[in-house]
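> Here is a sequence together with a model predicted from it:
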Amino acid sequence: MKRFAKYIGRRFGWYLLTFFFALLLNFYLPRLVPGDPISQIVSQIASGGVESETMRKLYDTYVHEFGLDKPVIVQFLNYVAMLFRGDLGTSFSQYPTPVIRVLGQAVLWSFALQLPALLAGWVVGNLLGAVAAYRKGVFDHTVFPIALFFNSIPHYALGILLLYFLAVVLNLFPVAGGYDQTLSITFSPAFVGSAVYHYALPFLSIVLVTVGGQAIGMREMSVYELNSDYVLYCRSLGIGNWRIVGYVFRNAVLPQITGFATSLGMVVGGSLVTEVVFSYPGVGTELFTAIRQADYPLIQGCTLLITLGVLGANFLMDLTYGLIDPRIRAAEMGEAGE
Amino acid sequence: MRELIRRMWRAPKVRAGAIIFLAVVLFGLLVPAVVGVGPMKTVGELYEGPSAQRWLGTDNFGRDVFVELAYGTRTSLEVGLLSGLIATLIGTAMGSLAGYKGGLVDGVLNSATNLFLVIPPFVILILLSIGLQNRSIVMLAVIIGITSWSWVSRSVRAQVYSLKTRRHVDIARISGFGTFAIILREILPYILSYVVMAFVLQVASGILNEATLSMLGLGPLEAVSLGTMMSWALMFEAVRAGAWWAFVPPVVLIALITFSLKYVNSGMDEVFNPRLRRA
Amino acid sequence: MRPRSILRDVIALVVLAGAAFCLSSCGKGPQGQASTPAVLPREQTLYVAGLQWGSPSTFNPIAADPDWPVGEAHRELLYETLFAYDMISGELQPLLAKSYRWADDLTIEVSLHEGARWHNGERFTADDVVYTYELARRYELPYSAFWDYVGEVKAADERTVLFRLDPRTQNRLMALEYICHTHIVPKSVFSAKEKEFGGDATALRQWTNEDPIGTGPYRMQESSPQRVVLKRFDDYWGKPLWGLPAPLYIVHVIYKGNESGNLALEKGDVDLSQQFVPQIWKMWEGGKPVGVWLKQPPYYYVSGSMPSLIFNLHRKPLDDPAFRRAIAYALNYEKIAELAMTRYSPTMVPGLISKFGDEARYFDQKLVDEQGWHYDLAMAGEILAAAGYRKGRDGVYRMPDGSRVRPLRVECPHGWTDWMSTLNMAAQNLREIGLDVRAEFPEYPPFYDRVQQGDFDMVMYNPSGSYSPAQPWLKFRNVMSAKGVPAIGAGRAFWNWGRYQNDGAEKLLAEIPTVTDEAQRKKLYADLNRIFMRDIPVLPLEYRPWLFYEFNAAHWENFPTAENPYAPPQICTDGAGIRALYKIRPVLGGAR
C-alpha cells in the first residue's frame, strides 16, 4: 500500500506542476490578444458626442480600477493571490459582475449537457464495438464504416445538420436556448420538461459522434484481445463463450478508459462550439463572447475551468487505472528507477 | 520499404480510403484549374438555390458555392497536410530523442509532452490564433502543428524505448556513431510504419482543427476553407433561410476527408498489427 | 473499481449538479416583489429582442454600460427623461417636463409636470433634476460631457429648472441633446448611496442597483442571463395624463445570436425586435403576420445614419483627394444597397447631409449635383489619370512617381454581417478598376483599438453618432473636427479617426450651434457640406435606420406603421415611441 501511496503522491505532484504551468499560460496568453477592452467600455459612452478630455479622464479611471497600469509581474502575482481567495476577478464586458458568478451558472449548464452525453456515447459506443467484434460478419462490416463516418463529422457540424433537419425543416425540436422563454427557472415539471426538450438536439450531436469513436476503438481492442493467446488457450480448454467475452471485455476496456481521459481535452473543444451553434447557455458561449470582447478575466476564468476539469479528469483516471491495472503502477515505479 | 507499400496497398481498407481521399484531392485541384476565376467573385444574389448554371447555388455574398467548395477543399487540405507534417516531425523528433536517451533528457521531454497533452490544446490554439495578426494558411498550419504533436511523441517514445535494446543499435553505439546518426539509420526505419500512421491521423486532426478555428471566426483571412464556409453559413443565418446548399456540402466534404484518412489508418493498423486482423 | 460503480458515482454527481444548478441559477428578483409566476400569461406579455446581447450585470444608470432597460438614455420604461424625442418630427415631446423655452440667448427654462412621483412614492421635483446633472460634475460619469456645454443648472422653484449655457461654446444643440437624453435619477436614493460609499466613485459605479427606483411605468421584476422581465407599475404618475401601457409584463429574451432571435420573431415567440433581419419580406410573403414600418423598400425608416468608409488621411495614397474622389466614383452604391443591406437602404446620395428623414430640410440637391459623385468606372479612371496614376502591365495602378500602388486593406469587425457584405462588394469594385484591395474582418477589440490609434488604411465605421436634436451637427463634428483629437501615435481618438484637419470647417462647426435663425443655419450647413464633398474625408456607403423596427402581430396588434403613424418607429420603448405601448392590443382569441 505504501508503494501505491507513493505512486499517488508522485502523480499528484506532477499534476500540481502542470497546473502551475497552466496558470502561467492562462494568465499570459489572453494578454496576447491585441485590443484594448477599456477603450471599448469608454467608447460606448462616447456615442453621444463627448469632449476628448473627459474621455481621457474616464479611460484613466477605468485602467486604474482594473489594475492594468501595473507591471505584468505584479498583475500575475495579484492574479494568483486572488485565485487562492477564490476570486476570479471582475468581467470587463459584463462589468461589474464577478467572473465567478458569470461562470457559475454557465458551468452547470455545460456540465449537465456534456457529461451525460459523453457517458451515454461512451457506454453505447463500447457496447456496439464489443458486439461488432464478437459477431463479425455483415454486422461488423456495416457498423465499422458507419461509426467511423459519424466520428469524422465534427460535433458542431452534426449539430448544424440536426438543427436544420429536425428543428427547422421538421419543426420537431426547438431552435435555441436552454429552456422556453416563457418560463422561470424553478423546479416545476414544466420547466424541467422544457429544459429536457431543449436539451435533446445538442445532446444528440455529442452522443452520435462519441458513439462512433468509442465503437471503433472498442471494436479494435476487442479484436485485438480476441486474437490473443489466452483466448485461444481458454477456447482449447473448453471454457464457455460468455466467460471468455467477460475476460476480453475487461481487458479491452482499460485502454478505452485512458483514451476517454486523454481525448477529453479535444472533446471539450468540439462540444463547446456545439453550444454556440445551439445558443446553449454554457461555458462555450461565454468563452466565445469573451474572446470577441477581449475580456481577459472572463477568458482566463473559462480556460482555467476547462484546464482544471481536464486535469482533474485525467488525475481521476490515473487513479482508477492505477488501481485496476497493477502493470501500470509497476511500469511507473520501474521508470522512476531508471 | 517497397514490401511495406505493397502490403499496405493490398489491404481493402487502405485501398478504399485512399481512393476516396484521392478523389477529394482531385476535386480540390482540378475544379479550380478548370474554372479559372477565383471563388471570391460575386455572381448572384444572397442564397440563390442550386440551378443548372450554378450547381450548388450561391452563398451569403452571392458567390458560387460549387467553386468555393473546390477551393475550400484545397485550402483545408493544404492546412491539414502542412500541420500534419509539422506535428509528425516535432513529435517524432521529441519522442525518439526521449526514448533513446533516457534519463534526464527523457524525464524533461516526457514532462513537456505530458504538459501539452493534458492542457487542452484547443484552448492554447484559440488564444494563439487570436493573437496572430496575419492569419495566413501557413501560420495557421504552424500553430495547429505545434499544439498537436504530443501523442505522436508519446507513442514514438514507447516504440523507441523498446527498440534501443536491440543488438544492431548496440553495435552502432559501440562503433562510435553519434546519437542522431543512430536514430536516423538504426531506429527510424523500424518505426516508419508508426510514423506514417501518425502522419495520416495528424492530417485528419489538422483539418478538423482548422474547421473548428474557422467556425470561431479565427480562420484564414484571405482564403476560403471548408471551415470558413460553415462559419459564414452560421453567421448569415443559412439554417433559418433554408439554404442547405451553404452548409451541407462543406460538412459532407470534411466528413469524407476525415473518414477516408481514418479508414486508411485503420487498414494500415491491421497490416502492421496482425492481431488486429479478423481471425 | 468496475465500470459499473464508476457509473453510479457519476450519476450521483449529475444529480447533485442538477440540484446545485437549480438553486444557483434561479433568476434574481428584487426583494419585496411578488415572485414571477412560473408561466407568464401570453396575452399580457410583450416579448422584445435585439436590445440586450450579454447577460445583464448592472441596472445602474451611471455605470459605463448598464443593461436593458436602463442602458441608452432613450428608454422610457423604467427611468424617464425630461422630454421624449420624436425621431421623425424632431420634436421634444413632454414627458417629465411639460415644456421648455429660451428665457434668453443662453438660458433654457424647463417646466416640469405636476404630480410626478417616484416608484417609492416620493414626489419628483426640480431638485432631482439638478441633482442628476450635478452628479456628473462631481464624478466621471457617461454624461459628464454635459458640463462642457452647460455652465450652470439651477432649480428656480419646485417645477422649474434653468440651464445656463457655457458662454465660451454656446452650443445650443448639445445642450438640448443632454436635456433630452438623460435619465433622471432620484436624489434621495442616490445621495444616500453617496454617503454610504463615502464619495468613492468606483463603489458608486459598481453598485448594481438591482431594484431601480425610477418614475417610469414599469419596474424590474426578474433578471437572469436568459431574460429580463419588467412588470407594469399600476401607480404610475402619468396615469391621469395618458393612462397605462397595455402589456402587464415586458420580457427581453437574451438571444446568443442573430439567428435564434430572428427565428423566434418568425415563429411569433418574439413580438417586437430591433435585430437586423436579412430579407425580412420573405417572412410575410411566407404567411407570417410580420410587419415593419413601410410595406416596400427601404422597409425601415431611414434618416441620417450613414455607415461610411473612413480613410486614413495620413497614409499614401489615401492622402491624395483625387485618389479618394476616384474611389468615390468606383463603388456600385446601388448594388451595395441591394445586396449588402438587402434593400433596407436607398441608393447612397453623396454628401454628409441625408436626403431622408428630418435632416432633409438641410438637403440641397443643387449642391449635390455640382459637387457630388456617382457610380461611374470611366470617370474614376479619368480622375486617376488626371492625377498622374497610370495602370501597369499587370492591371494594377502605379503612383505618379512610378511605384506600384501598395496593397490596401479595408476592414470592419468580424460578425457585423451586413457590413461584411458591403465591404466585400466594395473591395471587389476597387479591384475591378485596378487597385489591389483586400477586405478583412478582424475581431472587434483589435479592430477598434487600431481605429482609435489611426493604424489602418480604410475601415468601415459609422461616424454618425445617435439620433438627437444635435444632428446633423454631431455627424459633422465626428467627421471633420480635429479639436481634441490627438495626432496619430499621440493617443486615442474617439471620433475623426482619419485625423482630418480643416480650419474653415472648424470655424463653421463652432458657429452652427450658436445660430438660431433656420435660414442662416441651412446656409452654414451647405458651406460645411461643400468642404466635405470637396475633400471626402469619409465616404458614406449606405444608409442605416437609427433603429431597426419589426414586429410580429400574432399576439399583439395595432403596432404603429407608416400607414398608421400614431407613434414614431422607436421600437415602442424609446422616446416618443413609447406612446405605442399604450395603443397596442392583445389579439383576441389567442394567436392567429
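Structure received. Numbering: from 1, shown residues only, chains lettered A, B, ... in the order given.

> Just read off the phi/psi values of C:L46.
Main-chain torsions, C:L46, degrees, to the nearest 10: phi -100, psi 120.

> ok, it touching C:H252?
No. Judged on CB atoms under 8 Å, C:L46 makes no contact with C:H252 at a distance of 9.7 Å. To be clear about C-beta, it is placed using only N, CA and C from the backbone, and glycine gets the same treatment.

> How about the residues of the stretch 1-150 of chain B by chain C?
Contact residues (CB under 8 Å from any CB of the partner chain) of the stretch 1-150 of chain B with chain C: B:M40, B:K41, B:T42, B:E45, B:L46, B:N60, B:F61, B:G62, B:I130.

> which of these tops the neighbour count?
Within those, neighbour counts (other CB atoms under 10 Å in any protein chain shown) peak at B:I130, which reaches 26 neighbours.

> Now do the same for C:Y47: helix, strand or coil?
With DSSP: H, G, I helix; E, B strand; the rest coil as the basis, C:Y47 sits in strand.

> picking up where we left off before, now tabulate the residues of the stretch 1-150 of chain B next to chain C in JSON lines and tack on pLDDT.
JSON lines is the format used below for those (pLDDT from 0 to 100):
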{"residue": "B:M40", "pLDDT": "76"}
{"residue": "B:K41", "pLDDT": "75"}
{"residue": "B:T42", "pLDDT": "75"}
{"residue": "B:E45", "pLDDT": "76"}
{"residue": "B:L46", "pLDDT": "80"}
{"residue": "B:N60", "pLDDT": "85"}
{"residue": "B:F61", "pLDDT": "85"}
{"residue": "B:G62", "pLDDT": "83"}
{"residue": "B:I130", "pLDDT": "67"}
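
> Now flag whichever of those residues is closest to chain A.
Comparing the residues of the stretch 1-150 of chain B next to chain C against chain A with CB to the nearest CB places B:I130 closest, at 4.8 Å.

> can you count the residues close to the residue of the stretch 101-250 of chain C found nearest chain B?
Per CB to the nearest CB, C:Q226 is where the stretch 101-250 of chain C lies closest to chain B, at 20.3 Å. Number of residues near C:Q226 (other CB under 10 Å) recorded here: 22.

> Return the per-residue confidence for it.
We have a pLDDT of 81 for C:Q226.

> thinking again about what came up before, farthest pair within the residues of the stretch 1-150 of chain B next to chain C?
Spatial extent of those (CB to CB) is set by the pair B:E45 and B:I130 at 33.4 Å.

> Which helix in chain B has the most residues?
Looking across chain B with DSSP state H, the single longest helix is helix B:65-101.

> Going by contacts, tell me the helices and strands next to it.
Based on contacts counted as 3 or more CB pairs under 8 Å, 6 or more residues apart in numbering or on different chains; DSSP states H and E, the elements that helix B:65-101 packs against are helix B:12-35, helix B:103-118, helix B:137-147, helix B:150-163, helix B:179-182, helix B:188-215, helix B:226-235, helix B:248-272.

> I'd like the ones you listed as CSV, with mean pLDDT appended.
As requested, those are exported to CSV (pLDDT from 0 to 100):
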stretch, mean pLDDT
helix B:12-35, 87
helix B:103-118, 78
helix B:137-147, 90
helix B:150-163, 82
helix B:179-182, 77
helix B:188-215, 86
helix B:226-235, 88
helix B:248-272, 87
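
> So which of the ones you listed is nearest chain A?
Per CB to the nearest CB, nearest to chain A of the helices and strands packed on helix B:65-101: helix B:248-272, 3.6 Å.

> Go through that closest one and flag the buried ones.
Buried residues in helix B:248-272, counted by 16 or more other CB atoms under 10 Å in any protein chain shown: B:248-251, B:253-272.

> filter those residues by proximity to chain A?
Among the buried residues of helix B:248-272, chain A is touched by B:V248, B:V251, B:I254, B:A255, B:L256, B:I257, B:T258, B:F259, B:K262, B:Y263, B:S266, B:D269 when using CB under 8 Å from any CB.

> Surely the third one and B:A211 touch.
In this case it means B:I254. Yes. Taking contacts as CB under 8 Å, B:I254 lies within contact range of B:A211: 5.7 Å.

> list residues touching both of those two?
Any residue near both B:I254 and B:A211 by CB atoms under 8 Å, 6 or more residues apart in numbering or on different chains counts here, and that gives A:P154, A:A157, B:S76, B:L226, B:G227.

> Up against chain B, what does the stretch 101-250 of chain A have?
Within the stretch 101-250 of chain A, the positions near chain B by CB under 8 Å from any CB are A:136, A:144-145, A:148-149, A:151-154, A:156-158, A:160-161, A:163-164, A:168-169, A:216, A:220, A:223-224, A:226-228.

> restrict the residues you listed to those near chain C?
A:V168.

> Can I get the buried part of the residues of the stretch 101-250 of chain A next to chain B as one ChimeraX selection?
ChimeraX command restricting those to the buried ones, with burial defined by 16+ other CB under 10 Å:
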select /A:144,145,148,149,151,152,153,154,156,157,158,160,161,163,164,168,216,220,223,224,226,227
